[in-house]
Structures are given as structure tokens and as C-alpha cells.
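Visitor: sequence isn't available, so here's the structure alone:
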């Protein structure tokens with residue numbers, strides 16, 4: 001092939017129009033224009049991508065079913081007749097090949113799209129516009145001069161193929177119903193080619209089936225099911241506390257931060273679409289900034305010596321301990337800048353210093369409260385941080401792992417006491433603007 005090859009691997013294959021009726025082993029080559037099945041240098045079978053009208057993953061025609069396992073079946077037209085070819089390989093190769101094949105056929109296709117035809121229950125007056133279609137693992141993108149509109153397939157609740165009149169002619173149209181920032185959005189996409197529309201529909205069904213298989217592994221208790229039904233039945237939850245929906249009392253929270261001011265905390269929460277202003281005004285959330293400063297002190301007008309006793313002042317701040325949940329971020333900064341703790345560290349008495357603080361924490365916890373500490377382990381010796389890890393009911397580490405050119409975040413669960421069900425040792429996650437924390441599946445994370 002003169003064009004560049006985007007897939008090249010050894011596998012088994014067969015086609016109804018090939019000379020042999022049984023699968024043969026050879027090279028499978030794919031470019032942006034054609035699929036080539038080469039048994040050897042003199043025995044090649046070429047399928048132009050423009051002739052392919054369907055792609056099925058894992059499905060084998062009945063007359064070939066005895067020969068294949070993990071497969072991609074390609075339906076194509078040749079000499080005014082329809083035929084199929086089957087490519088077999090190991091699971092990893094077939095998964096990658098099928099994705100690349102869908103991309104080669106669909107990416108760059110001109111599409112007429114109405115990004116937000118309906119928002120919630122309201123029909124918008126948005127017009128159809130021209131965009132280029134691109135598919136990738138877990139998403140469909142519509143790229144235009146105005147930007148990129150992404151449909152995350154994990155948020156799709158329904159899709160169907162219809163016919164709509166666009167610019168005076170009937171066009172095959174795919175309608176997505178999906179969620180954006182908690183709001184149901186309907187997107188319509190039309191193509192001039194019914195063939196490519198069918199292949200896009202096939203791709204979506206495959207991706208959707210994979211997601212549904214993942215959901216089947218989730219087991220919900222009656223209580224969890226009841227909560228989900230209550231949330232779904234409520235509809236628009238804007239401004240409505242979750243505690244009111246599920247019929248429980250909310251928890252009061254205190255957050256003490258050595259890094260964020262009130263302003264930067266509000267900005268950060270706003271960027272994640274976590275609105276905390278009402279919670280602060282309703283006194284459900286108390287935010288405190290621990291301004292340690294260059295002098296290793298809390299800000300204030302007290303005498304220098306008094307201002308340095310950070311841990312004593314922390315424990316004597318009665319109001320912050322009245323909440324149901326107390327979060328201290330980052331706790332290691334307070335430890336490192338407390339003169340008493342520092343003195344004990346110099347005497348190699350870090351463990352004793354930690355135990356004195358733990359005694360205070362135990363007293364708080366005995367009153368039915370929960371304490372959450374974030375710590376940078378690189379700033380403290382194991383002797384100082386070890387006792388806190390040892391008594392924690394839940395101990396997790398946030399990790400960043402390099403995979404190729406990507407940096408992936410994951411939670412490593414070291415301890416989870418009293419859990420009602422099994423908790424995974426490693427949980428992949430990402431932080432997305434306008435969304436917040438998103439738990440990623442293992443295959444993605």
C-alpha cells in the first residue's frame with residue numbers, strides 16, 4: 001500500500017469470496033483507505049473501506065462459527081453483491097483493531113449536528129450546523145470552527161436512529177440523550193451517508209454494550225436502590241440538598257486549610273461545579289484558613305510565643321470541633337511548624353508527640369465525630385506519621401502513575417475498616433473542570 005499503515009498484525013482470516021473456505025494465517029493490514037488480508041506476497045485480498053457497510057465485533061456468521069473465537073466481522077460490497085470477511089486474533093489485538101477500523105471509516109465524516117436540541121424538558125431554538133465527526137474510546141466528538149462538542153458515552157441514557165427533514169431533504173439522523181453536568185441533553189447528528197450512519201450506530205451499540213456489562217457487575221442494596229430512585233424521581237435537584245431528598249439529616253463540616261484562603265477555596269469549588277456558598281451561609285460548612293506564614297505561626301495579634309503553639313491552639317479551638325466532620329488539609333504543615341512537636345522530633349520522640357495528639361483525636365471521635373487528615377508523607381518521618389496511619393479506620397494514598405505519555409491518577413486503598421462490601425485495592429479517578437471527581441473504570445484508569 002502506498003498510503004501509511006495504521007494497523008499491521010498477524011491473525012487468521014477468511015472471506016466468502018476468497019479461494020479457500022477455511023481460515024488462513026497471514027498479515028492483516030489497515031490504512032485510511034483499505035483493509036488488506038495477505039496470506040502471502042502473491043495472495044492478497046483487498047477491501048476498500050468505502051465498500052464496508054457494517055462492522056461487528058465478536059460476531060461470526062453461522063457457516064464460519066466453528067473456526068473463530070475473538071473476531072471482527074466486516075460486511076462489504078463487491079461486484080454488486082454483499083459479502084463478509086472475518087478476522088481473528090487474541091482479545092487485545094481484536095479490541096485495538098476494531099477501534100482503529102471504526103476510526104478509519106468514521107473520523108472526519110462531515111456531519112450536520114444540533115448539539116443541544118433539547119436541554120432538560122425544554123426544546124431549544126439551536127440550529128443545525130456543520131461539524132466533523134470523530135470517535136474515540138468512550139466518546140464521540142463533533143469538531144467545528146466554533147470548538148469541540150463531546151458526547152461522553154458513559155453518560156448516554158438512550159440513542160435511536162430516525163429520519164428528519166434538514167435543509168429541505170430527509171436525512172438519517174442519530175439522536176443521543178445524555179447528561180452534561182447533571183442535566184439531560186438531547187443531541188441530533190445527521191449524515192449524508194446512510195452507510196456511515198449505520199456503522200456509527202454499530203459502534204455506539206458496541207460501546208454501550210460494554211458499559212452495560214460493567215453495570216451488571218454492580219450490586220445495589222435495597223437502601224442504595226431507594227436513594228437512586230428518590231434522586232431520579234426528584235428531577236431537577238438544583239438548590240435542593242441531597243439530605244432532604246433521601247430523608248436524612250445532613251452533616252455539619254469544618255474544613256481547616258493551610259493552603260487555601262476562603263476566596264481561593266470558593267473559586268476552586270466553583271470551577272468543579274461544587275456550590276458551597278449556600279452551605280457556608282447556612283452554617284453547614286465552616287471554612288478556616290490556617291495562615292502559618294513565614295514565621296511558622298497562625299496570623300493574629302497574640303504574643304509570638306503563643307502564636308507558635310499551633311497544635312495547642314488547634315485543640316483549643318472549640319468551635320471547629322463542634323461539627324460532625326472535621327477536615328484538616330494539610331495536617332503535616334501544622335506538625336512541622338509547631339515548636340513543641342519540632343522539639344520532640346529533635347529528641348527522636350516523634351512517636352510520643354504523635355500519641356499525644358492522637359489521644360485528643362480519640363476523645364473527639366468518641367463523641368461520634370469523624371476526622372479526616374491529608375498529609376504529604378514526604379515531609380514527615382515514618383516515626384511521626386506511622387501512629388496516625390495505624391489508628392486510621394480508612395487509610396488511602398493518592399498516586400500519579402505514568403503510562404506512556406499519560407499521567408493517570410489513582411487511589412490506593414491501604415485500609416478500609418468496617419466496610420459493608422469489598423472495596424477495590426486501586427481505584428482510578430480524574431478531576432474534570434465543571435464536573436469534579438470522576439471514578440474511572442480499570443480499563444481506562
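Guide: Happy to help now that I have it. As the structure is a prediction and not an experimental result, all values here were calculated from the model. Numbering: from 1, shown residues only.

Visitor: can you list contacts of the helix or strand harbouring residue 355?
Guide: Assigned by DSSP states H and E, residue 355 belongs to helix 350-365. With contacts defined as CB atoms under 8 Å, 6 or more residues apart in numbering, helix 350-365 is touched by 311, 315, 321, 326, 340-341, 344-345, 371, 381, 383-388, 391. Where you see a C-beta, it was placed from the backbone N, CA and C, and this is true even at glycine.

Visitor: list the buried ones in that helix?
Guide: 350, 353-354, 357, 361 (16 or more other CB atoms under 10 Å).

Visitor: what does stretch 92-100 give?
Guide: 93-95, 97-99.

Visitor: out of the residues you listed, the closest to residue 220 would be?
Guide: Nearest to residue 220 among the buried residues of stretch 92-100, counting by CB to CB, is residue 95 at 28.6 Å.

Visitor: roughly how far apart are the closest one and residue 58?
Guide: Residue 95 sits 10 Å away from residue 58, going by CB to CB, to the nearest Å.

Visitor: burial check on residue 292, number of neighbours?
Guide: Residue 292 has 20 neighbours, counted by other CB atoms under 10 Å.

Visitor: sorry, slip of the keys, the one I care about is residue 151.
Guide: Residue 151 has 23 nearby residues by other CB under 10 Å.

Visitor: partners of it in the sheet?
Guide: residue 140 (DSSP bridges).

Visitor: separation between it and residue 166?
Guide: On the measure of CB to CB, residue 151 and residue 166 end up 19 Å apart.

Visitor: for residue 342, list the residues it contacts.
Guide: residue 336.

Visitor: please disregard the earlier target; I meant residue 169.
Guide: Contacts of residue 169 (CB under 8 Å, 6+ apart): none.

Visitor: wait, isn't residue 117 in contact with residue 129?
Guide: No. Here residue 117 does not reach residue 129: they are 11.8 Å apart, not a contact under CB atoms under 8 Å.

Visitor: so for the two, which residue has more residues nearby?
Guide: Comparing residue 117 with residue 129 by other CB under 10 Å, the one with more neighbours is residue 117, at 21 against 15.

Visitor: tell me the secondary structure for that one?
Guide: The local conformation at residue 117, judged by DSSP: H, G, I helix; E, B strand; the rest coil, is strand.

Visitor: show me which helix runs longest in this structure.
Guide: helix 194-216 (DSSP state H).

Visitor: other SSEs contacting that one?
Guide: strand 52-57, helix 91-106, strand 129-136, strand 156-166, strand 169-180 (3 or more CB pairs under 8 Å, 6 or more residues apart in numbering; DSSP states H and E).

Visitor: tell me what the fourth one is packed against?
Guide: Read it as strand 156-166. Counting by 3+ CB pairs under 8 Å, 6+ apart, strand 156-166 packs on strand 169-180, strand 183-191, helix 194-216.

Visitor: swap in the first one?
Guide: Under the contact criterion of 3+ CB pairs under 8 Å, 6+ apart, the helices and strands touching strand 52-57 comprise strand 71-78, helix 91-106, helix 194-216.

Visitor: compute the inter-axis angle for the first one and strand 52-57.
Guide: Yep, that's strand 71-78 we're talking about. 170 degrees (axes from the mean of the first three to the mean of the last three CA atoms, to 10 degrees).

Visitor: pull out the buried positions in strand 71-78.
Guide: 71-76.

Visitor: dump these into a markdown table; add pLDDT and distance to residue 141 as well.
Guide: Below are the buried residues of strand 71-78 laid out as a markdown table (pLDDT from 0 to 100; distance: CB to CB, whole Å):
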| residue | pLDDT | distance to residue 141 |
| --- | --- | --- |
| 71 | 86 | 28 |
| 72 | 90 | 23 |
| 73 | 90 | 26 |
| 74 | 92 | 24 |
| 75 | 92 | 26 |
| 76 | 93 | 26 |
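
Visitor: out of those, which is nearest to residue 174?
Guide: residue 75 (19.3 Å).
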